[in-house]
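> missing the sequence, but the structure's below:
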């Protein structure tokens, strides 16, 4: 009787669960798709009407300040990859990591990264500031936020280091080679929390697609898109 390799059986089970898996799973990232391109299933908003699905993207309606977090899991160490662009707005796109949903406070009391160019904010109680020396910015070209960019955020709960690398996606391409733009370091901030999209204020239309997350992370010290 022919016996199938164990990795092929695991791959079949993972596909049924919506996981993208490679044969060498011990070395290669294993991603979960976070957005089906059709519905907001798996996402929780702070209030109704702030987000919709438009042309295969998560689209913010511009109705006001708020956030939308992935509710199927929360993460301490993770690799989060997504595409983002701003259709209209007077504040850069913003995402949130290492926040809390219990209790729920403004911006989920989270650490904010601003893709693709690397602005930032620290929303934790007792902070609510730009973070000072906790953030380190790296030199890079200033990209047009109104064009599609790819970003990778890598969080390492054990060290309290979170890194972001981004790049503009060339016309007709699906991916690009990223440059590290921002690093945050504070071990006291690293906790299991939601991954979230934030809209800073009314009048902003940001779009996200191709969102996926790896957790546990095969190598929480290495960016894979750079």
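Noted; the coordinates are in hand. Because the structure is a prediction, the values reported are computed rather than measured.
> Residue 158 sits in which helix or strand?
Residue 158 belongs to no helix or strand when assigned by DSSP states H and E.
> all numbers from here: first residue = 51
Yep, numbering from 51; the last one is residue 208 now.
> Please report how far it lies from residue 237.
For residue 208, the distance to residue 237 equals 8 Å [CB to CB, to the nearest Å]. C-betas here are computed from N, CA, C, even on glycine.
> same thing with residue 193?
Computed with CB to CB, the distance linking residue 193 and residue 237 is 30 Å.
> ok, now which ones touch the residue nearest to residue 242 when sequence neighbours are not counted?
Spatial nearest neighbour of residue 242, excluding adjacent residues (CB to CB, 6 or more residues apart in numbering): residue 126 at 4.3 Å. If you count contacts by CB atoms under 8 Å, 6 or more residues apart in numbering, residue 126 has them with 148, 205, 207, 240, 241, 242, 243.
> what's the pLDDT at the closest residue to the third one other than its chain neighbours?
If the residues on either side of it in the chain are set aside, residue 207 comes closest to residue 126, at 3.4 Å by CB to CB, 6+ apart. Looking at residue 126, its pLDDT reads 98.
> Would you list the phi and psi of residue 199?
phi -130, psi 160 (degrees, to the nearest 10).
> Number of residues surrounding it?
The tally of other residues near residue 199 (other CB atoms under 10 Å) stands at 23.
> cool, residue 272 as well?
A count of nearby residues for residue 272, using other CB under 10 Å, gives 11.
> Where does it fall, secondary structure wise?
For residue 272, no secondary-structure element claims it when assigned by DSSP H and E, so it is in no helix or strand.
> got a list of what it touches?
Contacts of residue 272 by CB under 8 Å, 6+ apart are residue 204.
> Tell me the secondary structure at the most centrally placed residue in the chain.
With distances taken as CA atoms, centre = their mean, residue 130 lies nearest the centre of the chain, 4.4 Å away. Recorded secondary structure, residue 130: strand (DSSP: H, G, I helix; E, B strand; the rest coil).
> For it, give its distance to residue 189.
With CB to CB as the criterion, residue 130 and residue 189 are 23 Å apart.
> What sits closest to residue 255 if chain neighbours are left out?
In space, residue 255 is closest to residue 137, 4.0 Å off (CB to CB, 6+ apart).
> Count the residues that sit near that neighbour.
Neighbour count of residue 137, defined by other CB under 10 Å: 15.
> low pLDDT regions in the protein?
For the chain, the stretches with pLDDT under 70 are 51-77.
> quick one, helices of it?
Secondary structure of the chain (DSSP state H): helices located at 56-66.
> Spell out which residues make up each domain of it.
The record assigns the chain these domain ranges, following automatic domain parsing: 51-83, 86-258.
> For the residue nearest to the centre of the chain, list each beta-bridge partner.
In this structure, residue 130 has the following beta-bridge partners (DSSP bridges): residue 203, residue 263.
> State the distance from it to residue 142.
When distance is defined by CB to CB, residue 130 is 17 Å away from residue 142.
> Next: residue 172.
Look at residue 172 and residue 142: by CB to CB, they are 16 Å apart.
> Check residue 192 too.
The span separating residue 192 from residue 142 equals 11 Å under the rule CB to CB.
> and for these two, which residues touch both?
Counting by CB under 8 Å, 6+ apart, the common neighbours of residue 192 and residue 142 are residue 167.
> and these two? which has more neighbours close in?
In terms of neighbours (other CB under 10 Å), residue 142 is the more surrounded of residue 192 and residue 142; the figures are 18 against 8.
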